[in-house]
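Mind folding the following:
(one chain, ligands or ions: 1)
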Amino acid sequence: SNSLPSSNNPSLAERDKAVIWHPFTQMQTAPLPIPIVRAEGSVLYGANGQTYLDMISSWWVNLHGHAHPYIAERVAAQLRTLEHVIFAGFTHEPAVELAERLLPVLPSNQAKVFYSDNGSTAVEVALKMAFQYWHNLGQPRQKVIALDGAYHGDTFGAMAVGGRSAFTAPFAPFLFDVDYIPAPVPGQEEAVLQLAESLFTEDVAAFIVEPLVQGAGGMIMYEPDVLDRLFQLARRNGALIIADEVMTGFGRTGRLFASHYLKEKPDLMCLSKGLTGGTMALGVTTCAQPIYDAFLSDDKFKTLFHGHSFTANPLACTAALASLDLTLSEATLANLERIAAHHAAFRQRLSRSGAVASVRQRGTLLAFDLVAEGGTSYFNTIRDVAYNFLLERGVLMRPLGNVLYFMPPYCTSDEQLQYAYDQVEALLSEL
Ligand code: PLP
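Take a look at the predicted model:
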């Protein structure tokens with residue numbers, strides 16, 4: 001039963017249950033949440049002395065370990081200096097410096113930075129920029145092309161361009177139409193390109209894509225070559241290309257951005273998650289100069305009328321600057337290679353297991369399918385079995401249906417990785 005045990009001293013989890021509604025959680029059947037009291041490096045410390053190895057970087061955000069002292073000190077100092085200020089008509093050093101440092105490490109055509117709060121808002125802003133770009137040019141275009149099974153966030157625009165699923169069903173009447181092409185996974189490339197050829201017509205405003213790895217859709221991976229060819233098809237009729245690097249950004253795929261594997265450049269980019277090293281909420285949308293230029297006018301109606309109360313929050317920008325220092329350090333670059341090499345070795349072991357299919361890797365991301373009745377589905381019951389098995393052994397992984405994946409913080413040690421691999425192997429031998 002889910003009624004609260006009567007107690008004069010309810011636990012934190014019970015107090016939570018009384019007042020809180022959690023994300024992506026069926027509150028009727030979900031077990032009580034696990035209280036975490038502190039975290040350090042890749043380890044979460046539970047209230048009752050348990051520890052959890054955070055193999056998913058806490059919803060894919062953490063890069064350098066939890067409660068990183070360097071980021072903490074920088075944010076604390078900023079908090080005592082300037083915690084926040086309206087970003088219309090005003091500016092501040094952390095916002096300017098972050099933009100100055102981000103642009104040179106992005107694909108070279110990216111020219112301007114627009115701040116918001118999270119991955120979904122970064123996508124909303126990119127979509128609004130794309131639609132209004134065509135509107136401002138006096139050639140309105142409405143059509144968007146996206147990939148089947150894409151995930152771009154939970155706000156309405158972001159939902160609209162994501163794959164349609166049980167998650168979006170209640171909102172279907174409110175989501176604008178999008179044309180989908182299948183992810184160009186190995187073996188499907190030519191068929192996908194053929195379909196794309198017919199879809200990228202003159203009325204396409206934008207093509208939005210998670211470059212090289214479709215995250216929430218099941219860690220679906222494909223090659224840079226075919227994405228370059230899709231970009232070329234999109235370009236033929238001028239569609240703006242939006243690279244949603246909310247998950248793939250900041251080293252996840254082995255390079256600083258997944259877009260760095262490509263020859264073609266996106267017109268717009270969306271960043272969040274690892275942007276602040278996973279410490280604070282911040283979103284960024286960047287664009288190439290011609291997009292920015294289409295909003296410059298004596299006509300006030302060509303303004304991008306978009307903003308949030310916490311746009312360019314100085315604390316979040318400072319966290320991002322500190323995280324960028326760490327991300328660009330030799331130590332982190334070495335860690336990216338180290339983790340990728342360990343994953344590659346474990347991949348060989350996984351490939352020999354009968355309980356596993358489609359082992360795939362891009363940099364620090366290692367994913368595979370658990371062979372299960374019912375196949376690939378978010379609601380496959382094997383998900384709970386795997387989640388609980390690993391949690392009981394002190395490893396936090398959160399399968400997407402029957403897809404299990406590693407996305408560790410870059411500071412995760414060899415021993416910690418090995419421990420997590422061992423628990424996954426134990427799980428596989430149980431299945
Ligand atoms: N885009 C991608 C590729 C994502 O993976 C996510 C989140 O998982 C989002 C956008 C949405 O980001 P947020 O959860 O910060 O709104």
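
So which bits of the chain are right by the ligand?
Contact residues, the chain versus the ligand (Cβ under 6 Å from any ligand atom): 118-120, 123, 151-153, 210, 215-216, 244, 246-247, 272. Glycine gets a C-beta too; all of them are placed from N, C-alpha and C.

again, 8 Å this time
When proximity is defined as Cβ under 8 Å from any ligand atom, the chain approaches the ligand at 59-60, 118-123, 150-155, 158, 210, 214-216, 244-248, 270, 272-273, 281, 283.

out of these, which are buried?
Among the residues of the chain next to the ligand, those classed as buried by neighbour count (16 or more other Cβ atoms under 10 Å) are 60, 118-123, 150-154, 158, 210, 214-216, 244-248, 270, 272-273, 281, 283.

Looking at those, which are in strands?
214, 244, 270, 283 (DSSP state E).

Out of these, the closest to residue 417 would be?
residue 214 (24.0 Å; Cβ to Cβ).

which strand residues sit across from that closest one in the sheet?
Counting by DSSP bridges, residue 214 is bridged to residue 220.

Just to check, it is in contact with residue 185?
No. Proximity of residue 214 to residue 185 does not meet the contact threshold set by Cβ atoms under 8 Å, at 9.3 Å.

Tell me which residue of the protein lies closest to the ligand.
residue 119 (2.1 Å; Cβ to the nearest ligand atom).

And the contacts of the longest helix anywhere in the chain?
Longest helix in the chain, counting residues (DSSP state H): helix 330-351. Helix 330-351 has contacts (Cβ atoms under 8 Å, 6 or more residues apart in numbering) with 63-64, 251, 254, 326, 356, 359, 361, 363-366, 368, 406, 408, 410-412, 414, 417-418, 421, 425, 428.

so where do the helices sit in the stretch 301-431 of the chain?
314-327, 330-351, 382-392, 414-430 (DSSP state H, counting those that start in this stretch).

what's the most buried one of the ones you listed?
With neighbours taken as mean count of other Cβ atoms under 10 Å, those reach their highest mean count in helix 314-327, at a mean of 24.

who touches that helix?
The contact list for helix 314-327 (Cβ under 8 Å, 6+ apart) reads 63-64, 68, 70-71, 74-75, 77-79, 82-85, 92, 94-95, 97-98, 101-102, 105, 115, 250-251, 256, 274-282, 310, 332.

Tell me the secondary structure at residue 180.
Secondary structure, DSSP: H, G, I helix; E, B strand; the rest coil: residue 180 is strand.

List the ones among the contacts of helix 314-327 that fall in helices.
Here DSSP H is the test, and those give 70-71, 74-75, 77-79, 94-95, 97-98, 101-102, 332 as lying in helices.

sorry, back to before: could you dump the helices of the stretch 301-431 of the chain into TSV with mean pLDDT and distance to residue 299 added?
Below are those laid out as TSV (pLDDT from 0 to 100; distance: least, Cβ to Cβ, whole Å):
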stretch	mean pLDDT	distance to residue 299
helix 314-327	98	31
helix 330-351	97	46
helix 382-392	95	52
helix 414-430	97	56
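
Let me have the ones you listed in JSON lines, adding distance to residue 306 as columns.
Below are the helices of the stretch 301-431 of the chain laid out as JSON lines (distance: least, Cβ to Cβ, whole Å):
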{"stretch": "helix 314-327", "distance to residue 306": "18"}
{"stretch": "helix 330-351", "distance to residue 306": "33"}
{"stretch": "helix 382-392", "distance to residue 306": "37"}
{"stretch": "helix 414-430", "distance to residue 306": "41"}
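
So for residue 18, which of those sits nearest?
helix 382-392 (23.3 Å).

would you put the C-alpha positions of that closest one in PDB?
What follows is helix 382-392, C-alpha atoms only, in PDB (Å, rounded to 0.1, in the frame of the first residue of the first chain):
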ATOM      1  CA  ILE A 382      13.400  -6.400 -18.000                       C
ATOM      2  CA  ARG A 383      14.000  -2.700 -17.300                       C
ATOM      3  CA  ASP A 384      13.000  -2.900 -13.700                       C
ATOM      4  CA  VAL A 385      14.800  -6.200 -13.200                       C
ATOM      5  CA  ALA A 386      18.000  -4.700 -14.400                       C
ATOM      6  CA  TYR A 387      17.600  -1.400 -12.600                       C
ATOM      7  CA  ASN A 388      16.900  -3.100  -9.300                       C
ATOM      8  CA  PHE A 389      19.600  -5.800  -9.600                       C
ATOM      9  CA  LEU A 390      22.300  -3.100 -10.200                       C
ATOM     10  CA  LEU A 391      21.000  -0.700  -7.600                       C
ATOM     11  CA  GLU A 392      21.100  -3.500  -5.000                       C
END
